[in-house]
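> Could you look at this predicted model? Sequence included:
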Amino acid sequence: MRVDIISGPQPGPYTGSRAGLTVFDSAAAPADPELLARVREGTETADLAAPPVVLPDFCHKGKSEMPSSIAVATRGAIRPALTDAALNCGMALATLDVPRPSASAVEEFYRRVKHRYPNPPAWRFELSRAEVLRAAVEGAGFAAERYGIDAADVERIEEYGRLPVEEYGGAARARRELPWICVQLARLRFGGIGPSTHFLELQEVEEVLEPEIAGRLGLHQGQVTLQYHNGGGVLTGQLGELYARRRAASRQLRIEMAVQKPVSHLLRAGSRDELRRRYATYFRHGCPSVPVDGDDGRRVLLAQRLAMNYGFAYRLATYASLSAFARLAFGASLRLVVDSPHNSVYEELVDGRPAFVHRHNAARAWTPDMLPGHPAFAHTGQPLLVPGTNRTSSFLCVPAPGAHRSLYTACHGTGSVISEFERSGRSGPDPLHRHTMRFGYDRTAPRSVPQLDDTGVNAAVAILIGNGLVRPVVRLRPFAVLS
């Protein structure tokens, strides 16, 4: 059954800035004015390379300084608080080469996942100190070597899973700059899913919307897929708090950093001016700017690249475990379609000049012309996961020619729009009466949860399509989830 994604209220044509912001919303799903004001206030003193971008699923989570679903480009400086404290939280999609498994096989799969990645987590060393450093420097390449991951899978990871660190001092400086306590804690876990907004979902390809592109990406009608959303590991959050004062820090992390931050920043200051500057940058609340032209800028950029690399390696380690469990429970092989972070800071060209693009709960959407010669994405551009919830469809999309309007960015989900549609009565039960088998981290049996219709997710995706930002390739329908 083909479902028209652009049904219902339509977004108007793109009209440019709204009080200094570029906002992508619609009459059916308008952006919250109070949150728009918060974005303006948080970026008003930034050296902006373009108006900040606001996308669908625009909402605010209490642990974050800025609302979700934004992209902000600055010149000559970065602002860590414009994205998440823990960089490289991200999502991945993989295909299975078997038909939909039985309920008992699904239960066995999730049982193995929960045993390997319990919540609360087991505290055991999984890496040596040298391996933590390798993961932070080498990124996905380290995990691929450790777990025997096929090179074709690594090609499906954004940036091939590694940002170069050599220009900021490389491995030698990483050893000097990474605090001993941060490295030791990063040894304890390597891979995971986790509760809350993180999930591990089994789905079927319900509808193919772009057959040629779907074929290039290895997707077809009725195929079983595995989508997961997880963080970048312990080290990413440690570095996020080390180089800024963040709301997301736990009590334990704050205690740790009360000792470590003065050692890393204040005791190493070369002058009173540097000491005052570092205190203002790393110890005070707000959204401080760090100029990249100077040693502090190089330190922060190195830390952010180490965090990104560690996150890529961490998620690939998770993929390795899921591959093993799929073989044992389903007799299936996994093949990665795409792995993409949605909390990142990348140096990119904006209006032909270098800028730092901060994406907060928003994914990069590079078009094919930006990936010439790429072994997987040269003809499609960077694929984008735009999930609904475990009660609705999700979409895999590719960038459309108008992606430059949003700083080549798309929202990483549509959950807040779906929730608002359900609350307001505009969305109701799934007309086909489908259910999702929902697993938790406790020992109770999975629950069968009734699904919703796709009115909410369609409205959010319609904004992206109507403004020429993305093209939907396939619609994915869930049948089981761990969250």
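Looks like it arrived, so ask away. Treat the numbers as computed from the prediction; the structure is a model and nothing was measured. Residues are numbered from 1 along each chain as shown.
> just the strands in the stretch 351-483 of the chain please.
Counting by DSSP state E, counting those that start in this stretch, the stretch 351-483 of the chain has strands at residues 353-360, 362-364, 384-386, 394-399, 409-411, 435-439, 447-450, 470-482.
> quick one: average pLDDT of the last one?
What it means is strand 470-482. Averaged across strand 470-482, pLDDT comes to 98.
> follow-up on the earlier one: quick one: closest of the strands of the stretch 351-483 of the chain to residue 331.
strand 470-482 (16.9 Å; C-beta to C-beta). Using the backbone N, CA and C atoms, a C-beta is placed for each residue, glycine as well.
> Show me what the closest one is packed against.
In terms of contacts (3 or more C-beta pairs under 8 Å, 6 or more residues apart in numbering; DSSP states H and E), strand 470-482 is packed against helix 103-116, strand 199-208, helix 211-217, strand 384-386, strand 394-399, strand 435-439, helix 455-466.
> hmm, try it at 7 Å
Packing partners of strand 470-482 (3 or more C-beta pairs under 7 Å, 6 or more residues apart in numbering; DSSP states H and E): helix 103-116, strand 199-208, helix 211-217, strand 394-399, strand 435-439, helix 455-466.
> Parallel or antiparallel, which strands does the fifth one pair with?
Right, the one you point to is strand 435-439. strand 447-450 (antiparallel), strand 470-482 (parallel) (DSSP bridges).
> report the angle between the axes of the last one and helix 103-116?
Strand 470-482 runs at 80 degrees relative to helix 103-116, counting by axes from the mean of the first three to the mean of the last three C-alpha atoms, to 10 degrees.
> Can you list the buried residues in strand 470-482?
470-482 (16 or more other C-beta atoms under 10 Å).
> Just want the angle from that strand to helix 455-466.
Using the same axes, to 10 degrees: strand 470-482 against helix 455-466 is 150 degrees.
> So, low pLDDT: which residues of the chain?
1-17 (pLDDT under 70).
> hey, where'd the helices end up in it?
Taking DSSP state H, the helices of the chain run over residues 33-43, 103-116, 129-138, 140-147, 151-154, 170-177, 180-186, 211-217, 234-242, 251-261, 272-282, 295-330, 415-423, 455-466.
> Now do the first one against strand 353-360, angle only.
When the same axes, to 10 degrees is applied, the directions of helix 33-43 and strand 353-360 differ by 140 degrees.
> Which residues belonging to helix 33-43 are considered buried?
Buried, per 16+ other C-beta under 10 Å, within helix 33-43: 35-36, 38-39, 42-43.
> Deepest-packed of the helices and strands packed on strand 470-482, please.
strand 394-399 (a mean of 27; mean count of other C-beta atoms under 10 Å).
> Alpha carbons of that strand, as CSV, please.
Extracted C-alpha coordinates of strand 394-399, given in CSV (Å, rounded to 0.1, in the frame of the first residue of the first chain):
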residue,chain,number,x,y,z
SER,A,394,10.5,5.9,10.2
PHE,A,395,12.2,7.1,7.0
LEU,A,396,15.5,6.7,5.3
CYS,A,397,16.1,9.8,3.1
VAL,A,398,18.8,11.3,1.0
PRO,A,399,19.7,15.0,0.6
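> Paired strands for it, with orientation please.
With DSSP bridges as the test, strand 394-399 pairs up with strand 384-386 (antiparallel), strand 470-482 (antiparallel).
> Spatially nearest residue to residue 406 (excluding sequence neighbours)?
Distances taken as C-beta to C-beta, 6 or more residues apart in numbering put residue 53 closest to residue 406, at 5.0 Å, once the chain neighbours are dropped.
> Can you name the residues in contact with stretch 419-426?
427, 452, 455-456, 459 (C-beta atoms under 7 Å, 6 or more residues apart in numbering).
> out of the residues you listed, who's nearest residue 216?
Using C-beta to C-beta, these come closest to residue 216 at residue 459, 28.1 Å.
> Quick check: the closest one touching residue 418?
No. The criterion here is C-beta atoms under 7 Å, and residue 459 misses it with residue 418 at 8.7 Å.
> hmm, back to that, and the furthest pair within the buried residues of helix 33-43?
35 and 43 (12.7 Å).
> picking up where we left off before, and residue 157, which of the strands of the stretch 351-483 of the chain is closest to it?
strand 362-364 (12.2 Å).
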